[in-house]
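In: got a predicted structure plus its sequence, pasted below:
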Amino acid sequence: MLFPRTALTAAVSLTCAVGPLSAQQQPGGIWITGGIGAGLTRVHCEICQGDRKAGPSVQLGIGLRLNQELALGGEASGWRKNEEDITSSAGTLLAVIYWHPVPDKVRYFLKGGIGAVAYKANANEDEDTDPFTFNTFGVQLGVGYQFRLGRDFSLSPYFTFMGSLSSDLEQGDDRVPDVSLTWIQLGIAIGWR
Amino acid sequence: MKRELVFRLPCISILASGLALTGCTTDGTVSPESASGLSQSYDVWQPGPEDTCTPEIHNTYSVVGPDGLLYPTWHPPVDPATGCTFGHDHGRDPSGSDLFGKVGPIPFGYANQILDIYDPTTPRHEDHVGHKVEWENDMEMKFGDAVATSLFSVTCDFLTKMHQGSHSKDAFTNNLHELSYHIRCSDGTEMHVTIMTTIGTPGEFVASCDRDRHVTVGTAVPASSPAGGGKRAIPDRSCVEQHILVGAGEESNFGSGLRESWEISQSIRTESGRRLASFNPYFQVLFPSRYYDPSQPDGVGRSIDLCYEIEANGDLARAEECEESTAGYTIPDLLYSDSRSLFNGVRRFVDINSNTITNEDGPDTWYTDPFGKNGRAEPFAGSIKQTIAVMNNDRGIRISGPAIGRDRNYGGTGTHSPN
């Protein structure tokens, strides 16, 4: 089962309603963020084509502020590409930490995440062909800049890079070993508080 | 006019075999004069009534083999220097292969020659015209389904020489045929193998139109030929009657009724029986000049004769190939060996299929018996050097090669059966 499907659906539906961490808010408060943009994914292995595939990418997060500089939370991201009757999708479910190095002056932030990564490729109109699936763990690093939109909202362009650990890419009983995924996201997020 | 000969076996190969380098030319090739003798396959071709080349011209297409003997090698159907015709083809010019620099000209009959050393009591000498070369550069391998194809990519260079005579009774019983097999892929898969491959059961073949039907014909040469995997699917009279000789309103189906498929299932193994590599190419011939007809004295039915045959029920061959061969039936009683017959075995293709290497412990050089078995790290009497990459190329997914050569016609002016 590919867990990000649910997260992807939720993220898409909530994308325009939420936003990234606001460093102006008080510690202990909740933050919610949702972003949309473009994603480039690449599947790596010895016999993989190795081309980067571009598709829409979304993310959804919620968490707590620890102080003016740090915030913790959980984020789900989704990516999808439909090409020549093959649908590829990827998702992450990460624990993330945001760091605002200079919270009162320069509103850029750095971001790190760690968690589960999943990938799936399936034929759109061939039910007899098993999908390729891939589940592992990964690390995400990112950077963004926060523009304030009033007291509670912000708008943040962001860039993230995610790299996964190697795992098996499975299709039925077949397993292609030592497969990993990299995923670049470039998007803009709306944040609340 | 001085002819340019095609002896290009790298000197380093001769060095490895322990021979002197006195015959090496300045471009690193070996001149025929340096050969220590003649192989059994050299100088066996004789021109037929239609062939205008002499044996002397034919013999200039030669190469010194790893054993230092002189062997025939590839040549075009028409000699470019003189314009004379040989009447037979050897497939695709191997010099265009990306593997040619490593493999060099292929000595025809080398494995047969080594078999004479390995077991002098069981010689297997094959005719000259049956040696067929095929190759392809930068082949995209296949992955079984569209999803896998979208994810993975492996390209290979492939060069092979198979002895596949499709004109005589030989393959009705004989399952031992010389195979030179070379593949190099982007995923590191690489092997260079020369063997007497064992295709199916000696003494019989399977009907091409019904693979479950085994047709027992006689005793193989040599009688001790070991059974192998795969099969030789060859049309017989019942296939012809079912698919070629048809009623009014039908068309002859040559794909089902008159096509040969020699399906190899070969492994290379160590002395202990451990598998080092395996491959299973299918060598196919369209419009061969023969089929098996037990009513004939030698069991050989001639395809061209079908064009003139009318069964008692009125069934006959209804095909463009018959029309074209006989010029609209204006040529009566065309002989199978006439170059006007399109049933001459020049249309061939190879299904590459799977190539498996399980040689992760190495070394990359093995010496096997002529059947690809009893592999050792050191040479022995009657052994053939095989090169297999040190790897295990199991990717967890089925990778197979495409069919190559299907759109090619290797015939030339004057090409005819026997070919």
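Out: Nice, thanks for sending it over. Numbers count the residues shown, from 1 in each chain, chains lettered A, B, ... in the order given.

In: what residues does the lengthiest helix in chain B touch?
Out: Secondary structure of chain B read by DSSP state H shows that its longest helix is helix B:110-118. Helix B:110-118 has contacts (C-beta atoms under 8 Å, 6 or more residues apart in numbering or on different chains) with B:39-41, B:65-67, B:69, B:71, B:122-126, B:178-180, B:194-196, B:369-370, B:381-384. Placement of C-beta: from N, CA and C, glycine included.

In: with stretch B:311-329 instead?
Out: With contact meaning C-beta under 8 Å, 6+ apart, stretch B:311-329 is reached by B:241, B:244-248, B:250-252, B:254, B:287, B:304, B:306-310, B:331-332, B:334, B:340-343.

In: let me know the average pLDDT across it.
Out: When pLDDT is averaged over stretch B:311-329, the result is 96.

In: distance between it and the chain's centre?
Out: Its chain's C-alpha centre and that of stretch B:311-329 lie 30 Å apart, by C-alpha atoms, centre = their mean, to the nearest Å.

In: where in chain A is the helix or strand with the lowest mean pLDDT?
Out: Within chain A, no helix or strand scores below helix A:4-14, which has a mean of 40 by mean pLDDT, DSSP states H and E.

In: contacting residues for residue 129?
Out: Using chain A here. Listed by C-beta under 8 Å, 6+ apart, the contact set of A:T129 reads A:N122, A:A123, B:D145, B:A146, B:V147.

In: that was the other one, I meant chain B.
Out: By C-beta under 8 Å, 6+ apart, the residues touching B:V129 are B:W45, B:H88, B:G165, B:H167, B:P418, B:N419.

In: tell me the helix or strand right after the longest helix of chain B.
Out: Sequence order places strand B:131-140 as the next helix or strand after helix B:110-118, per DSSP states H and E.

In: in that next one, what's buried?
Out: Using 16 or more other C-beta atoms under 10 Å in any protein chain shown as the burial criterion, the residues of strand B:131-140 that qualify are B:H131, B:K132, B:V133, B:E134, B:W135, B:E136, B:M139.

In: with pLDDT and distance to chain A added, can I get those residues in CSV?
Out: Shown next, in CSV, are the buried residues of strand B:131-140 (pLDDT from 0 to 100; distance: C-beta to the nearest C-beta, whole Å):
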residue, pLDDT, distance to chain A
B:H131, 98, 34
B:K132, 98, 30
B:V133, 98, 28
B:E134, 98, 25
B:W135, 98, 22
B:E136, 98, 19
B:M139, 97, 14
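
In: just the buried residues from the contacts of helix B:110-118, in PyMOL please.
Out: Only the buried entries of these go into this PyMOL selection, using 16+ other C-beta under 10 Å:
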select buried, chain B and resi 39+41+65+66+67+69+71+122+124+126+178+179+180+194+195+196+369+370+382+383+384
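
In: before we move on, the earlier item: and the contacts of stretch B:311-329, which of them are in helices?
Out: The helices in this structure, assigned by DSSP H, contain B:E241, B:F254, B:I304, B:L306 from these.

In: nearest to A:E170 among the residues you listed?
Out: Distance to A:E170 across the ones in helices among the contacts of stretch B:311-329 (C-beta to C-beta) is lowest for B:F254, with 43.0 Å.

In: for the residue of chain A most remote from its centre, give me phi and psi.
Out: When distances are taken from the C-alpha mean of chain A, A:D128 lies farthest, 30.3 Å away, according to C-alpha atoms, centre = their mean. The phi and psi torsions at A:D128 (degrees, to the nearest 10) take the values phi -80, psi -20.

In: circling back to that earlier point, only the buried subset of the contacts of B:V129, as a ChimeraX command please.
Out: Filtering those down to the buried ones (16+ other C-beta under 10 Å) takes a single ChimeraX command:
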select /B:45,88,165,167,418,419
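
In: and of the contacts of B:V129, the nearest to chain A?
Out: Nearest to chain A among these: B:G165, at 37.3 Å, using C-beta to the nearest C-beta.

In: skipping adjacent residues, who's closest to the closest one in space?
Out: Nearest non-adjacent residue to B:G165, counting by C-beta to C-beta, 6 or more residues apart in numbering or on different chains: B:G130, 3.2 Å away.

In: show me the contacts for the one you found.
Out: Going by C-beta under 8 Å, 6+ apart, B:G130 touches B:H163, B:Q164, B:G165, B:S166, B:H167, B:D170, B:H177.

In: A:A118 sits in which helix or strand?
Out: strand A:108-123.

In: then that strand to PDB, C-alphas only?
Out: Extracted C-alpha coordinates of strand A:108-123, given in PDB (Å, rounded to 0.1, in the frame of the first residue of the first chain):
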ATOM      1  CA  TYR A 108      14.500  33.100   5.700                       C
ATOM      2  CA  PHE A 109      14.300  29.700   7.200                       C
ATOM      3  CA  LEU A 110      16.000  26.400   7.000                       C
ATOM      4  CA  LYS A 111      14.200  23.100   7.200                       C
ATOM      5  CA  GLY A 112      15.100  19.500   7.900                       C
ATOM      6  CA  GLY A 113      13.000  16.400   7.900                       C
ATOM      7  CA  ILE A 114      13.300  12.700   8.300                       C
ATOM      8  CA  GLY A 115      10.700  10.000   7.800                       C
ATOM      9  CA  ALA A 116       9.000   7.600   5.400                       C
ATOM     10  CA  VAL A 117       9.300   7.700   1.600                       C
ATOM     11  CA  ALA A 118       7.200   5.800  -0.900                       C
ATOM     12  CA  TYR A 119       7.200   5.600  -4.600                       C
ATOM     13  CA  LYS A 120       4.900   3.900  -7.100                       C
ATOM     14  CA  ALA A 121       4.700   3.400 -10.800                       C
ATOM     15  CA  ASN A 122       1.800   1.700 -12.500                       C
ATOM     16  CA  ALA A 123       0.200   1.300 -15.900                       C
END
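
In: elements contacting it?
Out: strand A:86-99, strand A:132-145, strand A:153-164, helix B:146-151 (3 or more C-beta pairs under 8 Å, 6 or more residues apart in numbering or on different chains; DSSP states H and E).

In: centre-most residue in the chain?
Out: Using chain A. A:S77 (3.1 Å).

In: ah, I was thinking of chain B
Out: By C-alpha atoms, centre = their mean, the most central residue of chain B is B:M162, 1.9 Å off.

In: nearest residue to it other than its sequence neighbours?
Out: B:F283 (5.0 Å).

In: give me the beta-bridge partners of that neighbour?
Out: B:W262, B:V350 (DSSP bridges).

In: B:Y42 - nearest residue in space that isn't next to it in sequence?
Out: Of all residues not flanking B:Y42 in the chain, B:L70 sits nearest, at 5.3 Å (C-beta to C-beta, 6+ apart).
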